[in-house]
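*Asks:* Any chance you can model this:
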Amino acid sequence: LDLDLGNARTGAAAAAALETLYFETADIQGLVYVLRARSEWAEDHREQTGLCLRIAGLEENSLHDLPAAVATYRSLLDSEGEAAVAAFENLERIFQESGQARERVELLRRRAGMVDAVARNQLRHRKAAILEVELHDVDEAIATIRPVLDDTPDDVEALKTLARLYHSKGAAAEHLEILE
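*Replies:* Take a look at the predicted model:
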């Protein structure tokens with residue numbers, strides 16, 4: 001069987017046969033190759049993103065190729081719906097497990113721009129915690145949590161976080177302002 005990547009119509013039958021063969025023989029590299037071709041041919045966005053999620057899962061869990069999995073998940077970040085959510089969740093998990101706190105912060109920043117105010121504030125809280133605890137960047141943690149109070153001035157958790165951050169920074173005036 002030969003897969004003609006340039007022609008979806010004639011290559012579809014070969015791709016289906018190769019997909020079955022590669023799956024049954026546990027040729028994951030070949031399976032990823034065929035799935036990637038199918039994702040490029042897919043006319044339906046949902047089918048394409050589903051195939052990309054499957055590819056990323058294989059790259060991560062079977063091939064143990066985290067850079068490839070990260071690249072595939074990143075390609076889904078601008079998608080809509082479940083594929084984007086799954087990509088964000090998987091990337092955050094990968095970055096957390098591999099100790100890539102700065103990557104997690106950037107990912108949460110990007111995701112915050114795509115959700116409603118309530119979810120955005122939850123993401124800001126998570127981002128501020130990473131900045132404070134893992135990256136020891138108090139100034140950026142403060143800059144991250146302050147906008148929460150713009151959206152929700154009575155957010156007790158944000159007030160407590162700011163008070164703690166200002167106290168740890170030694171910013172007495174700001175600390176007192178938050179306590180009032």
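
*Asks:* From here on, just use CA atoms for contacts and neighbour counts.
*Replies:* Fine.

*Asks:* neighbours around R38, how many?
*Replies:* Here the number of neighbours of R38 (other CA atoms under 10 Å) works out to 22.

*Asks:* That one is in what secondary structure piece?
*Replies:* helix 28-41 (DSSP states H and E).

*Asks:* so how far is that helix off the chain centroid?
*Replies:* Offset of helix 28-41 from its chain centre (CA atoms, centre = their mean, to the nearest Å): 22 Å.

*Asks:* Show me what that helix is packed against.
*Replies:* Counting contacts by 3 or more CA pairs under 8 Å, 6 or more residues apart in numbering; DSSP states H and E, helix 28-41 packs against helix 8-24, helix 45-61.

*Asks:* Output those helices as JSON lines; include the columns mean neighbour count and distance to S98.
*Replies:* What follows is these, written out as JSON lines (neighbours: other CA atoms under 10 Å; distance: least, CA to CA, whole Å):
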{"stretch": "helix 8-24", "mean neighbour count": "16", "distance to S98": "29"}
{"stretch": "helix 45-61", "mean neighbour count": "19", "distance to S98": "13"}
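
*Asks:* among these, which is nearest Y166?
*Replies:* Within the helices and strands packed on helix 28-41, the stretch nearest Y166 is helix 45-61; the backing value is 40.3 Å (CA to CA).

*Asks:* Identify the residues contacting the closest one?
*Replies:* Helix 45-61 is contacted by residues 28, 32, 35-36, 38-40, 42, 65-66, 68-70, 72-73, 76, 79, 83, 86-87 when judged by CA atoms under 8 Å, 6 or more residues apart in numbering.

*Asks:* Equivalent analysis for stretch 78-88, please.
*Replies:* Contacts for stretch 78-88 (CA under 8 Å, 6+ apart): T49, G50, L53, Y73, R74, L76, L77, L107, R111.

*Asks:* Since that was my last question, I'll sign off now.
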